[in-house]
Every structure is written in C-alpha cells, then in structure tokens.
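Asks: model the following, please.
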Amino acid sequence: LRDIPTHHISARAKGLDRFAEKASKPDPDDPTRPKYADPISDIEDLAGARVIAYVLRALQPIEQIVHREFDVVERSDKGEQLVEKALVGYRSIHLIVQMKPERVKLLEYSEFAGLRAEVQIRTILQHAWAEIEHDMRYKPESEPNKELSQRFTALAGLIEVGDREFDQIYEIDERRRR
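Replies: Below you'll find the model as predicted:
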C-alpha cells in the first residue's frame with residue numbers, strides 16, 4: 001500500500017467476550033434458535049483487519065490488493081447497499097478472506113488453511129463516524145434513541161460530502177504536484 005494514501009492499518013483477534021456475545025444471538029427469523037448453529041465455523045470474523053484510507057479514491061486500489069493477496073469468499077459494500085435504497089449511514093467495504101491455496105502450501109502459512117478473517121476498508125471520515133456511532137448506539141444497557149439515530153443519519157450525509165471534497169482536494173493537489 002506504499003503508493004496509496006492510507007492512514008492506518010490495524011488487526012485484531014475477536015475477544016472471547018465479544019465472541020460469546022455474538023455466538024449467543026438468536027436467529028432473526030426464529031428467536032427460539034441460535035443465529036449460529038456452529039459458532040466456531042459460522043462466525044467468520046474471529047480475526048479481522050481494518051484499512052483506513054484518507055480518501056475515497058484509495059478504497060478500490062486497496063480492495064484490489066486484498067483480492068490479489070487473498071481468496072475473497074464474500075464481499076459486502078455497505079455504501080452500495082445504501083445507494084440502492086437512497087439512504088445514508090454506515091459505509092465500509094467488508095471482505096471475508098482466506099489464504100490462497102498456493103500460500104497455505106508454504107510451511108509458515110499452513111496453520112491458516114481453511115481459516116477466514118474479515119477485512120474492512122473505509123475512509124478516515126467513515127471510520128470516525130462508525131467508531132462513535134457504534135459506541136453510542138450499540139451499548140447493551142441503553143434503549144434505542146430516535147433523536148440519536150436521526151442525528152447520526154444527518155451526520156452520515158455530511159461525511160459523504162466531506163469524503164467527496166477530500167477526494168477533490170486530493171486530485172487538485174496531485175495536479176499541482178505534476
């Protein structure tokens with residue numbers, strides 16, 4: 001990612017408490033059954049990485065690199081889903097990945113055969129919004145708040161505008177440097 005305007009890359013393993021919380025969720029269609037019949041196999045984000053880019057134009061090249069380095073099992077673009085519904089809100093590209101077969105043949109990677117992880121790719125503005133929104137909206141001890149939701153939705157629209165403006169600023173700066 002040397003030539004891509006990237007702010008930060010982080011990785012983590014899901015904590016045992018977060019795993020237990022996720023594993024105990026009920027099935028949305030049948031609350032009498034668990035959402036994950038086999039949590040160890042069904043929960044695919046036991047490990048994850050986040051790539052935070054400065055500008056929107058960096059997201060596609062970052063995603064292409066992930067595709068080059070890993071087998072992408074599943075792709076979900078939260079922003080595309082919002083555009084289809086003419087909404088604003090959480091934006092991020094989520095990829096479920098696993099090691100490519102040729103890589104797991106190498107001794108140092110063989111222990112990762114068949115394991116999956118999640119890679120999230122988003123801008124620094126999207127990341128700031130998501131972190132604050134998640135901490136405030138999804139606290140288990142609090143009830144959903146309509147005013148809070150409305151304000152986060154309005155802010156998401158402003159963040160979209162901000163991301164577009166940063167993209168334009170980046171483009172102007174590139175032309176100036178050339």
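Asks: residues contacting Pro26?
Replies: Thr32, Arg33, Pro34, Lys35 (C-beta atoms under 8 Å, 6 or more residues apart in numbering). Any C-beta I mention is one placed from the backbone N, CA and C, and that applies to glycine too.
Asks: so how far is the lowest-mean-pLDDT helix or strand in the chain from its chain's centroid?
Replies: When each helix and strand of the chain is scored by mean pLDDT, DSSP states H and E, helix 78-84 comes last, with a mean of 73. Mean C-alpha position of helix 78-84 versus that of the full chain (C-alpha atoms, centre = their mean, to the nearest Å) differs by 14 Å.
Asks: same thing with stretch 33-49?
Replies: The answer for stretch 33-49 is 16 Å, by C-alpha atoms, centre = their mean.
Asks: buried sites along that stretch?
Replies: Lys35, Pro39, Ile43, Glu44, Asp45, Leu46, Ala47, Gly48, Ala49 (16 or more other C-beta atoms under 10 Å).
Asks: circling back: following element in sequence after the least confident helix or strand of the chain, please.
Replies: Using DSSP states H and E, the next helix or strand after helix 78-84 towards the C-terminus is strand 93-99.
Asks: what sits up against that next one?
Replies: Against strand 93-99 from outside (C-beta under 8 Å, 6+ apart): 44-45, 59, 63, 66, 70-79, 109, 112-122.
Asks: just the ones in helices from those, please.
Replies: Leu59, Glu63, Val66, Lys78, Gly79 (DSSP state H).
Asks: so who does the fourth one touch?
Replies: Right, the one you point to is Lys78. Contacts of Lys78 by C-beta under 8 Å, 6+ apart are Gly89, Tyr90, Arg91, Ser92, Ile93, His94.
Asks: dump the C-alpha coordinates for stretch 116-128 into CSV.
Replies: Output of stretch 116-128 as CSV, limited to C-alpha atoms (Å, rounded to 0.1, in the frame of the first residue of the first chain):
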residue,chain,number,x,y,z
ARG,A,116,-11.3,-16.9,7.5
ALA,A,117,-11.0,-13.3,8.6
GLU,A,118,-12.7,-10.1,7.8
VAL,A,119,-11.0,-7.1,6.2
GLN,A,120,-12.8,-3.7,6.4
ILE,A,121,-11.8,-0.9,4.1
ARG,A,122,-13.1,2.6,4.7
THR,A,123,-12.1,6.3,4.7
ILE,A,124,-10.9,8.1,7.8
LEU,A,125,-14.2,10.0,8.0
GLN,A,126,-16.2,6.9,7.6
HIS,A,127,-14.1,5.3,10.3
ALA,A,128,-14.6,8.2,12.8
